[in-house]
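Q: this is a predicted model, with the sequence first.
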Amino acid sequence: MPISRRTFMTRAAATGVSFLGLATYLNWRATRNPYRNEIDLFGPLIKNQAGLLDLPRGFSYQIISATGETMNDGFLVPGKPDGMAAFAGEDGRIILVLNHELMPDDQEISAFGPTLALLTSMDPSHLYDPGKGENRALGGTTTLVYNPHTGKTENHYL
């Protein structure tokens, strides 16, 4: 159904005024509560001297795994962890399974070392994609067993 020019102009003006009102409200709200590097319930973030993670006063963190560390099975902790699942283990332990999405050109952060020297100690049937000798998919998962009672990683393996 066609509309008159007058109706079109009236509706267009009303729409413009509506968006102007929305923009004014959003601007008012942003200036009323700007981002302040602060978590409302816990106060400002305190600069971490190690430069890893800023937290509110009274909070702490612990690194339980780092890329390049040697795991219990002799392989290295791979880089690029991109997903994780946590499971209940024995006696309150926490089992973390971390996925590492590595491409063939990520060998410098693979579990096998920058020259892939540790690859020879891996059973080829355990590789997701051995790549027929070239362009190996170096990703996969690592499993970490953490004991919250002692604050220690008890086992970590590919």
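A: Structure's in. What do you need? Numbers count the residues shown, from 1 in each chain.
Q: immediately after the lowest-mean-pLDDT helix or strand in the chain, which helix or strand?
A: Least confident helix or strand, the chain: strand 38-39 with a mean of 56, by mean pLDDT, DSSP states H and E. The C-terminal neighbour of strand 38-39 among helices and strands, as given by DSSP states H and E, is strand 43-46.
Q: tell me the buried residues in that next one?
A: Within strand 43-46, the residues scored as buried using 16 or more other C-beta atoms under 10 Å are Leu45. For the C-beta atoms, the positions are set from N, CA and C on the backbone; glycine is no exception.
Q: strand partners of it, parallel vs antiparallel please.
A: Looking at strand 43-46 with DSSP bridges, its partner strands are strand 38-39 (antiparallel), strand 55-56 (antiparallel).
Q: mind checking how far that strand is from the chain centre?
A: Taking C-alpha atoms, centre = their mean, to the nearest Å, the mean C-alpha location of strand 43-46 is offset from the chain mean by 22 Å.
Q: please save the CA atoms from that strand in PDB.
A: Written as PDB, here are the backbone C-alpha positions of strand 43-46 (Å, rounded to 0.1, in the frame of the first residue of the first chain):
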ATOM      1  CA  GLY A  43      37.600  -2.500  44.200                       C
ATOM      2  CA  PRO A  44      40.300  -1.400  41.800                       C
ATOM      3  CA  LEU A  45      42.800  -3.800  40.200                       C
ATOM      4  CA  ILE A  46      46.200  -3.800  41.700                       C
END
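Q: now that strand: mean pLDDT?
A: Strand 43-46 shows a mean pLDDT of 85.
Q: again with stretch 66-82
A: For stretch 66-82, the mean pLDDT works out to 92.
Q: CA atoms of stretch 68-83 as PDB?
A: Coordinates of each C-alpha in stretch 68-83 appear next as PDB, following Å, rounded to 0.1, in the frame of the first residue of the first chain:
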ATOM      1  CA  GLY A  68      57.700 -25.200  27.400                       C
ATOM      2  CA  GLU A  69      57.900 -26.800  30.800                       C
ATOM      3  CA  THR A  70      58.700 -30.500  30.800                       C
ATOM      4  CA  MET A  71      55.800 -32.700  31.800                       C
ATOM      5  CA  ASN A  72      55.900 -36.000  33.700                       C
ATOM      6  CA  ASP A  73      56.000 -38.000  30.500                       C
ATOM      7  CA  GLY A  74      59.100 -36.100  29.200                       C
ATOM      8  CA  PHE A  75      57.200 -34.000  26.600                       C
ATOM      9  CA  LEU A  76      56.900 -30.300  26.700                       C
ATOM     10  CA  VAL A  77      53.700 -28.300  27.600                       C
ATOM     11  CA  PRO A  78      52.500 -27.200  24.200                       C
ATOM     12  CA  GLY A  79      51.300 -23.600  23.500                       C
ATOM     13  CA  LYS A  80      48.000 -22.200  22.400                       C
ATOM     14  CA  PRO A  81      45.700 -23.800  24.900                       C
ATOM     15  CA  ASP A  82      42.200 -22.900  23.600                       C
ATOM     16  CA  GLY A  83      39.800 -25.000  25.500                       C
END
